[in-house]
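Only the shape, not the letters, is given here:
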Ligand SMILES: [Zn+2]
Ligand SMILES: [Zn+2]
C-alpha cells in the first residue's frame, strides 16, 4: 500500500513489524525492516529491486527476514552500531528471537550506523539514534519530505516502545522522544500498527505531554 509518494507500506501481519519500501534519490531503494522470516513472500510481492536494508533495531520481528531478503536481492544490511552486534551474531536474548520461539540466523551488518549518518550518504534518510526500546534503536528522518520512520520508539495509538526487554531503558526512551520532538515532522511511520499521516510534530508533543 502506497502510504506517501515513493513509500510503500508492507503491513505487519501477525508477529511481523511493518516494513517500508522507500524510493530514494538516485533510484536507490531502501527497505526499512524485514519482519520475521515468515514475511519474506509478502516482501517479494512488493519489492522488485532493493539496494539497502535498514533495521530500526535488533528485535526478531524486524530482523528475522534479513537473511532471505538480503540473499534474494543482494542488498546491503545497515543497523546502528549498538544493535549491529546482536543482529550479526543472532543473539537470542537481545533480539528476543527466543521469546518468539525462533532462532535468528546471524547476518553480518555491512554498514554500521551512527547518529546523524545519512544512509549511503545520498538517500536523504538521516539516522536519529533513539535508544530506550533497545540500546541501538534508530528512527530514520526524511527531512525533505518531513517523514519519520519511528521503529518501535513511537506508535500512532499514543503508545511508546516497551522498555522491559534486554537493553530497555525508560529514561533513555523519554530522552529519545524529546529528541524527535525537535524535528519538523509531518508523517510518522511506526514499526507496528497505524501511521500518523499529518501533524506529526504536534502528535509527538501530545504523547510527551501525556506521559512526561
Ligand atoms: Zn517490533
Ligand atoms: Zn522492538
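Received the coordinates, thanks. What you are looking at is a predicted structure, and each value in this text was computed from that prediction instead of being measured. Ligands and ions are numbered 1, 2, ... in the order given.

Please name the residues that touch the residue nearest in space to the middle of the chain.
Geometric centre of the chain, nearest residue: residue 56, 2.8 Å, by C-alpha atoms, centre = their mean. Contact analysis of residue 56 by C-beta atoms under 8 Å, 6 or more residues apart in numbering lists 17, 32-33, 62, 137-140, 149-152, 191. Any C-beta I mention is one placed from the backbone N, CA and C, and that applies to glycine too.

Not including adjacent chain positions, what is the nearest residue to it?
residue 151 (3.1 Å; C-beta to C-beta, 6 or more residues apart in numbering).

Secondary structure class of residue 61, three-state.
Here residue 61 is recorded as helix under DSSP: H, G, I helix; E, B strand; the rest coil.

got the contact list for it?
Here residue 61 is in contact with 12, 15-17, 35-36, 96, 100 (C-beta under 8 Å, 6+ apart).

Take the residues you listed and lay them out in JSON lines including distance to residue 158.
Output for those, formatted as JSON lines (distance: C-beta to C-beta, whole Å):
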{"residue": "12", "distance to residue 158": "18"}
{"residue": "15", "distance to residue 158": "22"}
{"residue": "16", "distance to residue 158": "22"}
{"residue": "17", "distance to residue 158": "19"}
{"residue": "35", "distance to residue 158": "24"}
{"residue": "36", "distance to residue 158": "26"}
{"residue": "96", "distance to residue 158": "23"}
{"residue": "100", "distance to residue 158": "25"}
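
and which of these is nearest residue 181?
residue 17 (22.9 Å; C-beta to C-beta).

looking at this, the closest one is in a strand?
No: assessed with three-state DSSP, residue 17 is coil; it does not lie in a strand.

For the remainder of this discussion, apply numbering that starts at 843.
In the new numbering, first residue 843, that becomes residue 859.

Run a quick neighbour tally on it.
Residue 859 sits with 29 neighbouring residues when counted by other C-beta atoms under 10 Å.

Surely it touches residue 875?
Yes: here residue 859 reaches residue 875: they are 5.0 Å apart, a contact under C-beta atoms under 8 Å.

buried residues in the worst-scoring helix or strand of the chain on mean pLDDT?
Using mean pLDDT, DSSP states H and E, the weakest-scoring helix or strand in the chain turns out to be strand 844-846, at a mean of 93. The neighbour-count check on strand 844-846 (16 or more other C-beta atoms under 10 Å) flags 845-846 as buried.

from the chain's centre, how far out does that strand sit?
Remark: strand 844-846 is offset 16 Å from the chain centroid, using C-alpha atoms, centre = their mean, to the nearest Å.

Partner strands of that strand and their direction?
In the sheet, strand 844-846 lines up against strand 849-852 (antiparallel) (DSSP bridges).

Where do the strands of this structure begin and end?
844-846, 849-852, 861-865, 871-874, 894-896, 918-922, 953-955, 967-971, 980-984, 989-993, 1029-1032 (DSSP state E).

residues from this structure in reach of ligand 2?
901, 994 (C-beta under 5 Å from the ion).

Can you pull the residues of the chain lying near ligand 1?
859, 903, 994, 1033.
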